[in-house]
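Student: coords please:
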Amino acid sequence: MAAILNMLKTVVEKWAALYVRLSRDDDNEGDSNSIAHQIEILTKYAAAHGITNYKIYKDDGYSGTNFAGVR
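Tutor: Now for the predicted structure:
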């Protein structure tokens, strides 16, 4: 049983989701400074903690003040 569990641990890949969103105070077009800074912080954190498999999800252009109308 232990051999099977060890094999499963090596086969199963773990992924992390890195989520960033636009700051209400940042009205730049494209990737905002806020988004770029958040991505930098999160990728550094991931690297420091051995997280190599991740996908970045970003809501650049949507904030808590205008997100409700988006479908």
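Student: C-alpha from now on. contacts and neighbour counts both.
Tutor: Will do.
Student: who are the packing partners of the longest helix seen in the chain?
Tutor: When the chain is parsed with DSSP state H, its longest helix is helix 33-48. Judged by 3 or more CA pairs under 8 Å, 6 or more residues apart in numbering; DSSP states H and E, helix 33-48 is in contact with strand 16-21.
Student: quick check: buried residues in the strand it packs on?
Tutor: 20-21 (16 or more other CA atoms under 10 Å).
Student: parallel or antiparallel, which strands does that strand pair with?
Tutor: strand 54-59 (parallel) (DSSP bridges).
Student: quick one: average pLDDT of the partner strand?
Tutor: Averaged across strand 54-59, pLDDT comes to 92.
Student: where in this protein is pLDDT low?
Tutor: Along the chain, the model assigns pLDDT under 70 to residues 9-12, 23-32, 60-71.
Student: who touches stretch 39-56?
Tutor: Residues from elsewhere that reach stretch 39-56, judged by CA atoms under 8 Å, 6 or more residues apart in numbering: 14-20.
Student: possible to save these as JSON lines with distance to residue 48?
Tutor: Below are these laid out as JSON lines (distance: CA to CA, whole Å):
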{"residue": "14", "distance to residue 48": "16"}
{"residue": "15", "distance to residue 48": "15"}
{"residue": "16", "distance to residue 48": "14"}
{"residue": "17", "distance to residue 48": "16"}
{"residue": "18", "distance to residue 48": "14"}
{"residue": "19", "distance to residue 48": "17"}
{"residue": "20", "distance to residue 48": "18"}
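Student: residue contacts, the closest residue to residue 19 other than its chain neighbours?
Tutor: Leaving out its chain neighbours, the residue that sits closest to residue 19 by CA to CA, 6 or more residues apart in numbering is residue 57, at 4.8 Å. Neighbouring residues of residue 57 by CA under 8 Å, 6+ apart: 17-20.
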